[in-house]
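Trainee: Just need the structure, nothing else, for what follows:
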Amino acid sequence: MEHLPPNPERLARARQLMAAAAIDLLVIGPSADFRYFTGRPGHLSERLTALVIERDGPPVLVVPKLEAPLYADLESAFQLVVWADGDDPIAHLVTLVQSTGSRAIAVNDQFWSGFLLQLQDRLPERSFRRASPLLRRLRMAKDTGELALLREASRRTDAAWEYFCAHERLTGRTEREVAARLTELLLAQGLHEVAFCIVASGPNGASPHHETGDRVIQPGDPVVIDFGGSYYGYYSDITRTPVAGEPSSDFADAYEAVLEAQQAAFAAMRPGVPCQDVDRAARQILHEHGYGSYFIHRLGHGVGLTVHEDPYLVEGNDEPLEPGMVVSDEPGIYIPGRWGVRIEDLVVVTEDGAERLNSVSRELLRLP
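Mentor: Numbering: from 1, shown residues only. Have a look, this model is predicted:
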């Protein structure tokens with residue numbers, strides 16, 4: 001697995017937010033949060049691995065002995081506390097908390113409840129809270145390095161799609177065969193992992209998170225293809241809906257409505273605009289075309305070290321967009337028993353507007 005070096009500026013920013021929120025200690029289990037600070041994801045298992053960030057002291061990595069070699073190169077940035085099978089790893093965390101005098105402890109969402117409950121039992125005088133309000137503030141707006149990796153992940157994903165469109169066919173192949181081929185092409189473009197590849201043909205396309213199966217693609221079938229992967233931990237996410245051959249006239253009309261809705265959402269993205277207003281911009285277009293009830297999910301979500309993260313473009317979220325936020329723009333129409341259509345790009349909010357990270361065509365594509 002490819003890793004990036006730790007970024008000390010992130011620790012400094014975390015400590016500033018900890019001070020403002022009166023948090024003494026952060027405890028972070030293997031997760032995207034863990035990778036944000038250490039440059040690697042950590043191994044989530046029954047063996048405790050945790051990053052401990054004190055507001056006024058050195059950061060500590062608590063790791064099982066058999067995995068300690070994976071972190072040896074981080075000793076200049078983190079203090080390593082190594083425990084062996086048969087030891088009590090929770091005791092190491094308790095010692096850290098007691099030695100620092102920390103009272104207010106924030107824990108990330110991916111720190112297993114089994115570990116947290118033990119920690120709370122042994123530290124009844126300490127207060128515990130979720131770290132997500134702090135961590136989301138750190139991770140939502142991407143820095144220059146993160147944006148470069150997200151652009152590169154999308155560029156490589158676009159290249160795989162362009163090759164697929166130029167050389168592959170849909171008709172007569174199973175959904176699973178199409179997904180396997182596209183996965184090969186994504187890896188050939190140098191993505192380190194293919195995180196997902198949904199291929200939903202004909203009536204299966206009416207299920208936004210369809211499980212790719214063995215249905216054979218028929219002439220005239222729209223095929224919703226939603227795919228993405230990671231590059232140094234940062235993800236791409238794109239959806240296109242080509243047709244196997246010639247589309248029906250009603251599908252072509254619906255496709256144009258989705259394309260118009262996607263453009264309306266993109267045009268609405270700029271700093272200061274509430275997230276829900278971007279969702280409303282797309283939803284209004286589909287409502288005007290008579291498809292409002294067939295758009296059954298939020299418009300989009302943040303993308304970075306995970307495929308779904310803050311901020312979410314959804315009704316009820318009045319949080320304003322900020323420069324550096326990267327979000328998906330993915331309106332869709334889903335007609336039960338018939339077909340679905342979704343068009344998705346990743347978009348970065350800039351100082352004065354927005355920029356698409358995907359450059360491949362959004363026009364209705366006919367493939368053999």
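Trainee: Show the low-confidence segments of the stretch 101-250 of the chain, by residue range.
Mentor: Within the stretch 101-250 of the chain, no stretch has pLDDT under 70.
Trainee: which helices and strands does the strand or helix carrying Val278 pack with?
Mentor: Using DSSP states H and E, Val278 falls within helix 275-288. On a contact count with 3 or more C-beta pairs under 8 Å, 6 or more residues apart in numbering; DSSP states H and E, helix 275-288 meets helix 249-268, strand 309-313, strand 326-329. Quick note: C-beta positions are derived from backbone N, CA and C, even for glycine.
Trainee: which element follows that helix toward the C-terminus?
Mentor: With DSSP H and E, the next secondary element past helix 275-288 is strand 300-302.
Trainee: per-residue confidence at Met1?
Mentor: Model confidence at Met1, given as pLDDT, is 60.
Trainee: can you tell me which residues contact Arg40?
Mentor: Listed by C-beta atoms under 8 Å, 6 or more residues apart in numbering, the contact set of Arg40 reads Met1, His3, Phe34, Leu70, Tyr71.
Trainee: For the nearest residue to Gly332 once chain neighbours are set aside, give me its contacts.
Mentor: Spatial nearest neighbour of Gly332, chain neighbours left out: Arg342 (3.5 Å); criterion: C-beta to C-beta, 6 or more residues apart in numbering. With contact set as C-beta under 8 Å, 6+ apart, Arg342 has these partners: Pro208, Val224, Asp226, Thr239, Thr241, Val258, Glu330, Pro331, Gly332, Ile333.
Trainee: now do 6 Å
Mentor: Val224, Thr239, Thr241, Glu330, Gly332 (C-beta atoms under 6 Å, 6 or more residues apart in numbering).
Trainee: next one: Asn358
Mentor: Contacts of Asn358 (C-beta under 6 Å, 6+ apart): Ser154, Asp158, Ile238, Asp345.
Trainee: Ramachandran angles for it?
Mentor: The phi/psi pair for Asn358 (degrees, to the nearest 10) reads phi -100, psi 140.
Trainee: swap in Val224?
Mentor: Main-chain dihedrals, Val224, degrees, to the nearest 10: phi -80, psi 120.
Trainee: what sits against it?
Mentor: So Val224 contacts Ala200, Gly205, Thr241, Gly340, Arg342 (C-beta under 6 Å, 6+ apart).
Trainee: ok, 10 Å please
Mentor: 198-202, 204-208, 210, 239-242, 332, 334, 339-344 (C-beta atoms under 10 Å, 6 or more residues apart in numbering).
Trainee: and Glu146, how many residues sit next to it?
Mentor: 22 (other C-beta atoms under 10 Å).
Trainee: Equivalent analysis for the one 5 residues further on, please.
Mentor: By the measure other C-beta under 10 Å, the count of residues near Arg151 is 19.
Trainee: Ignoring the adjacent residues along the chain, who's closest to it?
Mentor: Nearest to Arg151 is Leu357, by C-beta to C-beta, 6+ apart, at 5.7 Å.
Trainee: if I look at the one you found, how far off is Arg55?
Mentor: 35 Å (C-beta to C-beta, to the nearest Å).
Trainee: Among these two, which residue is more densely surrounded?
Mentor: Taking neighbours as other C-beta under 10 Å, Leu357 and Arg55 compare with Leu357 leading, 23 against 19.
Trainee: Now Ile333: which helix or strand?
Mentor: strand 332-335.
Trainee: and the helix holding Val278 with strand 309-313, angle?
Mentor: Angle of helix 275-288 versus strand 309-313, following axes from the mean of the first three to the mean of the last three C-alpha atoms, to 10 degrees, is 40 degrees.
Trainee: Going by neighbour count, which residues in helix 275-288 are buried?
Mentor: Going by neighbour count (16 or more other C-beta atoms under 10 Å), the buried part of helix 275-288 is Cys275, Gln276, Asp277, Val278, Asp279, Arg280, Ala281, Ala282, Arg283, Ile285, Leu286.
Trainee: how about the CA coordinates for that helix, as PDB?
Mentor: Output of helix 275-288 as PDB, limited to C-alpha atoms (Å, rounded to 0.1, in the frame of the first residue of the first chain):
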ATOM      1  CA  CYS A 275     -25.300  23.100   1.000                       C
ATOM      2  CA  GLN A 276     -29.000  22.700   0.800                       C
ATOM      3  CA  ASP A 277     -29.300  25.400  -1.800                       C
ATOM      4  CA  VAL A 278     -27.200  23.400  -4.200                       C
ATOM      5  CA  ASP A 279     -29.400  20.400  -3.700                       C
ATOM      6  CA  ARG A 280     -32.500  22.600  -4.300                       C
ATOM      7  CA  ALA A 281     -31.100  24.000  -7.600                       C
ATOM      8  CA  ALA A 282     -30.900  20.500  -9.100                       C
ATOM      9  CA  ARG A 283     -34.200  19.300  -7.600                       C
ATOM     10  CA  GLN A 284     -36.100  22.300  -8.900                       C
ATOM     11  CA  ILE A 285     -35.000  21.500 -12.500                       C
ATOM     12  CA  LEU A 286     -36.200  17.900 -12.200                       C
ATOM     13  CA  HIS A 287     -39.400  19.000 -10.600                       C
ATOM     14  CA  GLU A 288     -40.100  21.400 -13.500                       C
END
